[in-house]
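Enquirer: Sequence below, structure please.
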Amino acid sequence: MSDFSLVATGGTFDIIHRGHLTLLSNSFKISDKVIIGLTSDEFARKRGKTLVNNYQTRLDNLTKIISKEFPSSSFDIRKLDNDFGPAVLTKEVEALVVSEETSGQGKVLNQLRVSKNLPPVKIITIPMFLAKDGVRISTTRIRNSEIDIEGNSLSVDP
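Expert: Numbering: from 1, shown residues only. The predicted structure is shown next:
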(Lines give C-alpha, C1' and ligand atoms only; values in the text may rest on other atoms or scores of the structure.)
Protein backbone atom coordinates (compact mmCIF):
# COMPACT_ATOMS: atom_id res chain seq x y z
CA MET A 1 0.00 0.00 0.00
CA SER A 2 1.32 3.43 -0.96
CA ASP A 3 1.78 6.33 1.44
CA PHE A 4 -0.20 8.64 -0.84
CA SER A 5 -2.94 8.43 -3.46
CA LEU A 6 -1.61 11.33 -5.53
CA VAL A 7 1.69 13.21 -5.53
CA ALA A 8 3.17 15.74 -7.93
CA THR A 9 6.68 16.30 -9.17
CA GLY A 10 8.16 18.17 -12.09
CA GLY A 11 11.10 19.17 -14.20
CA THR A 12 12.37 20.04 -17.62
CA PHE A 13 13.53 16.49 -18.43
CA ASP A 14 15.55 17.72 -21.40
CA ILE A 15 18.11 14.91 -21.43
CA ILE A 16 16.74 12.29 -19.06
CA HIS A 17 19.45 11.10 -16.67
CA ARG A 18 19.89 9.02 -13.52
CA GLY A 19 18.90 11.98 -11.32
CA HIS A 20 15.54 12.26 -13.09
CA LEU A 21 14.98 8.52 -12.76
CA THR A 22 15.75 8.71 -9.04
CA LEU A 23 13.17 11.48 -8.60
CA LEU A 24 10.56 9.52 -10.57
CA SER A 25 11.36 6.23 -8.83
CA ASN A 26 10.87 7.80 -5.41
CA SER A 27 7.62 9.42 -6.56
CA PHE A 28 6.20 6.14 -7.89
CA LYS A 29 7.36 4.27 -4.79
CA ILE A 30 5.26 6.38 -2.41
CA SER A 31 2.12 7.06 -4.43
CA ASP A 32 -0.59 5.28 -6.37
CA LYS A 33 -0.48 7.99 -9.04
CA VAL A 34 2.01 10.72 -9.96
CA ILE A 35 1.30 13.97 -11.75
CA ILE A 36 4.46 15.08 -13.53
CA GLY A 37 4.78 18.71 -14.51
CA LEU A 38 6.87 19.05 -17.66
CA THR A 39 8.28 22.53 -18.20
CA SER A 40 7.08 24.23 -21.38
CA ASP A 41 9.68 25.52 -23.84
CA GLU A 42 8.66 29.10 -23.07
CA PHE A 43 8.95 28.66 -19.29
CA ALA A 44 12.31 26.87 -19.62
CA ARG A 45 13.70 29.75 -21.71
CA LYS A 46 12.28 32.27 -19.24
CA ARG A 47 14.26 30.49 -16.52
CA GLY A 48 17.45 30.74 -18.58
CA LYS A 49 17.61 27.14 -19.75
CA THR A 50 19.05 26.17 -23.12
CA LEU A 51 17.08 23.21 -24.39
CA VAL A 52 18.34 20.40 -26.58
CA ASN A 53 14.83 19.01 -27.11
CA ASN A 54 11.52 20.80 -27.66
CA TYR A 55 8.46 20.13 -25.49
CA GLN A 56 6.94 17.45 -27.71
CA THR A 57 10.22 15.50 -27.90
CA ARG A 58 10.70 15.78 -24.13
CA LEU A 59 7.11 14.62 -23.58
CA ASP A 60 7.59 11.63 -25.91
CA ASN A 61 10.95 10.71 -24.30
CA LEU A 62 9.55 11.02 -20.78
CA THR A 63 6.49 8.93 -21.60
CA LYS A 64 8.64 6.21 -23.18
CA ILE A 65 11.12 5.99 -20.34
CA ILE A 66 8.42 5.90 -17.67
CA SER A 67 6.59 3.15 -19.57
CA LYS A 68 9.86 1.20 -19.82
CA GLU A 69 11.31 1.79 -16.33
CA PHE A 70 8.06 1.91 -14.33
CA PRO A 71 5.64 -0.18 -16.43
CA SER A 72 2.88 -0.63 -13.85
CA SER A 73 2.88 2.97 -12.65
CA SER A 74 -0.01 5.38 -13.01
CA PHE A 75 0.99 8.86 -14.17
CA ASP A 76 -0.26 11.98 -15.87
CA ILE A 77 2.11 14.46 -17.54
CA ARG A 78 0.99 18.09 -17.58
CA LYS A 79 2.60 21.12 -19.21
CA LEU A 80 4.17 23.56 -16.73
CA ASP A 81 4.01 27.22 -17.68
CA ASN A 82 4.94 28.39 -14.16
CA ASP A 83 6.66 27.04 -11.05
CA PHE A 84 3.69 25.03 -9.82
CA GLY A 85 1.21 24.37 -12.58
CA PRO A 86 -2.41 23.39 -12.11
CA ALA A 87 -1.60 19.95 -10.70
CA VAL A 88 -0.37 21.15 -7.34
CA LEU A 89 -3.35 23.44 -6.94
CA THR A 90 -5.58 20.38 -7.18
CA LYS A 91 -7.04 19.51 -3.78
CA GLU A 92 -6.32 15.79 -4.20
CA VAL A 93 -2.54 16.27 -4.44
CA GLU A 94 -1.15 15.14 -1.09
CA ALA A 95 2.59 15.65 -1.56
CA LEU A 96 5.16 17.38 -3.74
CA VAL A 97 8.29 15.39 -4.51
CA VAL A 98 11.27 17.70 -5.12
CA SER A 99 15.02 17.51 -5.42
CA GLU A 100 17.29 19.31 -2.97
CA GLU A 101 17.79 21.89 -5.72
CA THR A 102 14.08 22.81 -5.79
CA SER A 103 13.12 22.09 -2.17
CA GLY A 104 12.59 25.79 -1.40
CA GLN A 105 9.55 25.75 -3.67
CA GLY A 106 7.61 23.67 -1.16
CA LYS A 107 7.12 26.49 1.33
CA VAL A 108 5.97 28.87 -1.43
CA LEU A 109 3.62 26.22 -2.79
CA ASN A 110 1.99 25.64 0.57
CA GLN A 111 1.51 29.38 1.11
CA LEU A 112 -0.18 29.51 -2.30
CA ARG A 113 -2.39 26.51 -1.46
CA VAL A 114 -3.45 28.00 1.88
CA SER A 115 -4.33 31.28 0.13
CA LYS A 116 -6.63 29.26 -2.14
CA ASN A 117 -8.21 27.41 0.81
CA LEU A 118 -6.49 24.15 -0.08
CA PRO A 119 -4.73 21.93 2.46
CA PRO A 120 -0.93 22.12 2.50
CA VAL A 121 0.94 19.24 0.90
CA LYS A 122 3.76 17.25 2.41
CA ILE A 123 7.10 18.19 0.86
CA ILE A 124 9.31 15.20 0.15
CA THR A 125 12.90 16.10 -0.71
CA ILE A 126 14.94 13.58 -2.65
CA PRO A 127 18.74 13.93 -2.35
CA MET A 128 20.52 14.99 -5.52
CA PHE A 129 22.01 12.09 -7.46
CA LEU A 130 25.76 12.54 -7.60
CA ALA A 131 27.90 11.63 -10.58
CA LYS A 132 30.92 9.39 -10.03
CA ASP A 133 33.06 12.50 -9.46
CA GLY A 134 30.90 13.51 -6.47
CA VAL A 135 29.29 16.48 -8.23
CA ARG A 136 25.56 16.46 -8.92
CA ILE A 137 24.43 14.99 -12.21
CA SER A 138 22.74 17.52 -14.52
CA THR A 139 21.66 17.99 -18.09
CA THR A 140 24.14 20.86 -18.41
CA ARG A 141 27.05 18.60 -17.46
CA ILE A 142 25.83 15.94 -19.90
CA ARG A 143 25.41 18.52 -22.68
CA ASN A 144 28.96 19.77 -21.95
CA SER A 145 30.26 16.16 -22.31
CA GLU A 146 31.57 16.10 -18.72
CA ILE A 147 29.47 13.04 -17.80
CA ASP A 148 27.05 10.58 -19.36
CA ILE A 149 23.41 10.04 -18.33
CA GLU A 150 24.51 7.59 -15.62
CA GLY A 151 27.01 10.05 -14.12
CA ASN A 152 30.17 8.44 -15.48
CA SER A 153 32.98 10.85 -16.27
CA LEU A 154 33.66 11.52 -19.94
CA SER A 155 36.61 13.80 -19.28
CA VAL A 156 39.98 12.81 -20.70
CA ASP A 157 41.81 15.07 -18.25
CA PRO A 158 43.95 13.20 -15.69
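
Enquirer: Check for me that residue 149 belongs to a helix.
Expert: No: residue state for residue 149 (DSSP: H, G, I helix; E, B strand; the rest coil) corresponds to coil; a helix is not indicated.

Enquirer: can I assume residue 12 is in contact with residue 46?
Expert: No: checked against Cβ atoms under 8 Å, the pair residue 12 and residue 46 is beyond contact range at 11.7 Å. No exception for glycine: its C-beta is placed from N, CA and C like everyone else's.

Enquirer: So between those two, which is more surrounded?
Expert: Remark: of residue 12 and residue 46, residue 12 carries more neighbours, 22 against 12, as counted by other Cβ atoms under 10 Å.

Enquirer: Quick check on residue 123: phi, psi?
Expert: The phi/psi pair for residue 123 (degrees, to the nearest 10) reads phi -100, psi 120.

Enquirer: Run through the bridge partners of it.
Expert: Counting by DSSP bridges, residue 123 is bridged to residue 96.

Enquirer: Wait, it touches residue 94, no?
Expert: No: using Cβ under 8 Å as the test, residue 123 is too far from residue 94 to be in contact (11.0 Å).

Enquirer: which residues do those two both contact?
Expert: Residues touching both residue 123 and residue 94 (Cβ atoms under 8 Å, 6 or more residues apart in numbering): there are none.

Enquirer: And the strands in this structure?
Expert: Counting by DSSP state E, the chain has strands at residues 4-11, 31-39, 74-80, 95-99, 122-126.

Enquirer: a markdown table please, covering these and showing mean neighbour count.
Expert: Shown next, in a markdown table, are those (neighbours: other Cβ atoms under 10 Å):
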| stretch | mean neighbour count |
| --- | --- |
| strand 4-11 | 22 |
| strand 31-39 | 22 |
| strand 74-80 | 16 |
| strand 95-99 | 24 |
| strand 122-126 | 17 |
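
Enquirer: Looking at those, which is nearest to residue 58?
Expert: Nearest to residue 58, of all these, is strand 31-39, at 6.2 Å by Cβ to Cβ.
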